[in-house]
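Trainee: fold the following for me, if possible:
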Amino acid sequence: MALSKAQLKNRIISEMQSQGATATGEHSWVNRMAEAIANAVVDEVQANAEVPVTGGSSAGQYKVQ
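Mentor: Okay, the predicted model is just below:
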């Protein structure tokens, strides 16, 4: 399963709203902050994470996509 910046953003917004943040309104930073966090997390994971497969014909190290 590939990582999704949009799905992570929505999850972050939902979590922030459950903590009392307001995602609507002229002065709300929730959507922009959630998008920035989601983009950074997904980019970092895709750039650096590897999954070790230790057995079978697919043995090796694989990048996370």
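Trainee: so what touches the longest helix that the chain contains?
Mentor: Looking across the chain with DSSP state H, the single longest helix is helix 30-48. Identification of contacts with helix 30-48 by CB atoms under 8 Å, 6 or more residues apart in numbering yields 3-6, 8-10, 12-13, 16-17, 21-23, 63-65. Every C-beta, even on glycine, is put in place using the N, C-alpha and C of the backbone.
Trainee: go again using 10 Å as the cut-off
Mentor: With CB atoms under 10 Å, 6 or more residues apart in numbering as the test, helix 30-48 has contacts from 2-17, 21-24, 29, 63-65.
Trainee: that one - what's its average pLDDT?
Mentor: Per-residue pLDDT over helix 30-48 has a mean of 96.
Trainee: same question, stretch 7-17
Mentor: pLDDT averaged over stretch 7-17 gives 97.
Trainee: report the contact partners of Ile12.
Mentor: By CB under 10 Å, 6+ apart, Ile12 lies in contact with 30-31, 33-38, 41.
Trainee: and which of those residues is nearest Ala59?
Mentor: Of all the contacts of Ile12, Val41 has the smallest distance to Ala59: 28.3 Å, by CB to CB.
Trainee: just the buried ones from the contacts of Ile12?
Mentor: Neighbour-count burial (16 or more other CB atoms under 10 Å) applied to the contacts of Ile12 gives 30, 33-35, 38.
Trainee: and the closest residue in space to Gln61 that isn't next to it in sequence, what are its bridge partners?
Mentor: Nearest non-adjacent residue to Gln61, counting by CB to CB, 6 or more residues apart in numbering: Glu50, 4.8 Å away. Beta-bridge partners of Glu50, counted by DSSP bridges, are Lys63.
Trainee: wait, Glu50 touches Val64, no?
Mentor: Yes - between Glu50 and Val64 there is a contact under CB atoms under 10 Å: 7.0 Å.
Trainee: fine by me, we can end here.
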